[in-house]
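Trainee: Model the structure of this input:
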Amino acid sequence: MKVHFIAIGGSAMHNLAIALAKKGYHVTGSDDIINEPSKSRLARYNILPAQTGWFPEKITHDLDAVILGMHARVDNPELLRAQELGLPIYSYPEYIYEQSKQKTRVVIGGSHGKTTITSMILHVLQYAGKDFDYLVGAQLEGFDTMVKITEDAPIIVIEGDEYLASPIDRRPKFHLYQGHIAVISGIAWDHINVFPTWDSYIQQFELFIDTLQPGGSLIYCEQDSELKHLVEQKQTAIEKIPYHLPPHQIENGTTYLNTDNGKVGLEVFGEHNLLNLTAAQKVCEKLGIGAAVFYEAIATFKGAARRLELVGKTENCTIFKDFAHSPSKLKATIHAVKQQFPERDLIAAIELHTFSSLNAEFLKEYAGTMDEADLPIVIIDAETFRQKQLEPYEENVVKKSFNNDKLKFFDNFEIFQTYLNTISFTNKTLLLMSSGNFGGIDLEKLKNHILKL
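Mentor: This is a model prediction of the structure:
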């Protein structure tokens with residue numbers, strides 16, 4: 001099979017390219033920019049384009065498939081050539097489906113927790129010695145790539161994003177997988193550049209339920225009242241399996257599950273992670289993994305990259321980084337850290353980086369989300385406004401939107417870092433949250449300074 005990737009440098013795209021190369025396919029690709037780690041990883045598998053740019057001559061009659069990334073534009077010269085030749089053109093979610101038609105498809109959806117739930121399932125399946133394929137949105141410990149596609153694995157576990165499939169396919173990705181087992185972790189409005197109203201956003205989850213195969217199973221968080229109502233009123237030929245927060249306790253900074261198998265100590269913490277864990281258990285049960293094996297495996301799960309990831313710690317200070325950016329994720333992450341270390345002051349800093357979070361109207365959705373932080377901080381790099389061609393707003397707009405007078409606002413990362421250097425971090429927790437990279441701050445250097453290492 002000969003497959004060409006347009007925009008091969010993307011996170012999911014380059015991982016799918018590697019997966020197909022490992023499967024024995026002849027893989028080529030193009031992109032106008034390829035950053036790390038994509039560049040090194042593509043080079044390792046000998047599929048890094050010789051030069052950046054778009055080259056219509058790469059699009060030939062003998063290609064079996066062209067896979068189009070979201071980064072490409074509708075007038076991309078390679079795309080136009082593929083359309084001219086009448087070649088099969090797929091978005092990467094479409095091609096994942098094509099590669100998994102004969103497998104049991106597990107699709108993890110929801111506005112938050114998708115990566116963690118998917119990661120937990122993969123961790124348990126690997127621990128149990130199961131053969132499976134997967135697509136997950138973060139690099140996981142013990143897994144070489146973020147995508148695995150083989151001929152023989154009977155199961156594929158897919159993180160199902162609600163964002164658009166490709167420039168020429170405006171359907172949400174998770175509508176394309178047609179799952180047999182599915183999870184919806186919760187619904188909290190996001191992606192306002194595509195779904196400008198709450199109703200248009202929630203409709204995508206209703207349509208997602210319609211894509212599930214007859215006789216399939218939907219596992220959903222019944223603590224989300226909007227989701228509970230949506231699922232319960234939905235007339236469909238699938239099994240509906242609700243889940244809620246499991247019995248647990250926190251002792252000396254460690255969270256324990258209280259199970260029929262006794263107390264199970266966890267590496268992860270926070271109510272949102274306990275809900276994620278319960279969703280993962282329901283899926284694993286459907287895949288034939290018993291409770292004893294699940295708990296044994298999950299006790300060793302350390303979390304997905306950038307999901308409450310430990311940066312460093314001493315006896316009286318801990319630093320975490322997290323991917324949180326939407327209002328629901330921000331609130332859940334702050335709550336988790338404050339619960340885990342209630343005796344410490346929590347300094348919580350978020351970089352607003354996404355299109356939604358930089359929209360002045362959507363900013364009002366953040367009201368109250370940082371109330372549990374002892375020192376809430378919001379950073380928006382002034383350059384980000386310029387890059388996204390959005391009108392910048394002042395500190396008073398941010399404070400009013402977050403409805404938090406304690407909040408500090410910075411539009412420059414150097415000034416933010418200088419401010420952090422003035423704080424004594426004895427008996428404090430620092431939580432850094434962003435879907436970006438915090439202005440390129442050297443976290444290792446920052447950690448060493450704060451922890452005095």
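Trainee: From here on, just use CA atoms for contacts and neighbour counts.
Mentor: Fine.
Trainee: Mind listing what's buried along stretch 216-223?
Mentor: When burial is assessed from 16 or more other C-alpha atoms under 10 Å, stretch 216-223 yields the following buried residues: Gly216, Ser217, Leu218, Ile219, Tyr220, Cys221, Glu222.
Trainee: In contact with Gly137, which residues?
Mentor: Ala12, Thr115, Met146, Glu159 (C-alpha atoms under 8 Å, 6 or more residues apart in numbering).
Trainee: give me the number of residues near Cys317?
Mentor: 19 (other C-alpha atoms under 10 Å).
Trainee: Make sure it is actually in contact with Ser424.
Mentor: No: between Cys317 and Ser424 there is no contact under C-alpha atoms under 8 Å: 10.1 Å.
Trainee: Report the central residue of this structure.
Mentor: In the chain, the centroid-proximal residue (C-alpha atoms, centre = their mean) is Thr115; its distance is 4.5 Å.
Trainee: excluding its backbone neighbours, what's nearest that one?
Mentor: Excluding its sequence neighbours, the residue lying closest to Thr115 (C-alpha to C-alpha, 6 or more residues apart in numbering) is Gly137, at 5.8 Å.
Trainee: Backbone dihedrals for the one you found, please?
Mentor: When quoted as degrees, to the nearest 10, the phi and psi of Gly137 stand at phi -90, psi 20.
Trainee: How about Ile108: which residues does it bridge to?
Mentor: Assessed by DSSP bridges, Ile108 has beta-bridge partners Glu159, Val183.
Trainee: hmm, back to that, for the residue nearest to the centre of the chain, which three-state class applies?
Mentor: Following DSSP: H, G, I helix; E, B strand; the rest coil, Thr115 is assigned to helix.
Trainee: contacting residues for it?
Mentor: Counting by C-alpha under 8 Å, 6+ apart, Thr115 touches Val136, Gly137, Ala138, Glu159, Ala304.
Trainee: And the contacts of the longest helix along the chain?
Mentor: Longest helix in the chain, counting residues (DSSP state H): helix 271-286. Applying C-alpha under 8 Å, 6+ apart, the contact partners of helix 271-286 are 113, 116-118, 120-121, 124-125, 181, 183, 185, 219-221, 243-246, 290-291, 294, 332-333, 336.
Trainee: switch to 7 Å and redo it
Mentor: For helix 271-286, the surrounding residues in contact (C-alpha atoms under 7 Å, 6 or more residues apart in numbering) are 113, 116-117, 120-121, 219, 243-246, 294, 332, 336.
Trainee: Now, these that are in helices?
Mentor: Thr116, Ile117, Met120, Ile121, Phe294, Ala332, Ala336.
Trainee: tell me the two of these that are most distant?
Mentor: Largest separation among the ones in helices among the contacts of helix 271-286 by C-alpha to C-alpha: Phe294 and Ala332, giving 24.5 Å.
Trainee: circling back to that earlier point, closest to Phe409 among the ones in helices among the contacts of helix 271-286?
Mentor: Using C-alpha to C-alpha, Ala332 is the member of these that sits closest to Phe409, with 20.9 Å.
Trainee: what's the neighbour count on the closest one?
Mentor: Ala332: 19 neighbours (other C-alpha under 10 Å).
Trainee: Same question for Gln339.
Mentor: 17.
Trainee: need the contact list for the residue of the chain most remote from its centre.
Mentor: Note on the chain: the largest C-alpha distance from the chain mean falls to His61, namely 36.3 Å (C-alpha atoms, centre = their mean). Shown in contact with His61 (C-alpha under 7 Å, 6+ apart): Leu85.
Trainee: Please give the element, helix or strand, for it.
Mentor: Under DSSP states H and E, no helix or strand contains His61.
Trainee: ok, back up a step: and the residue nearest to the centre of the chain, how far from Leu245?
Mentor: Using C-alpha to C-alpha, to the nearest Å, Thr115 is found at 18 Å from Leu245.
Trainee: Over to Glu57?
Mentor: 55 Å.
Trainee: what about these two, which has more around it?
Mentor: Neighbour count, other C-alpha under 10 Å: between Glu57 and Leu245, Leu245 has more, with 17 against 9.
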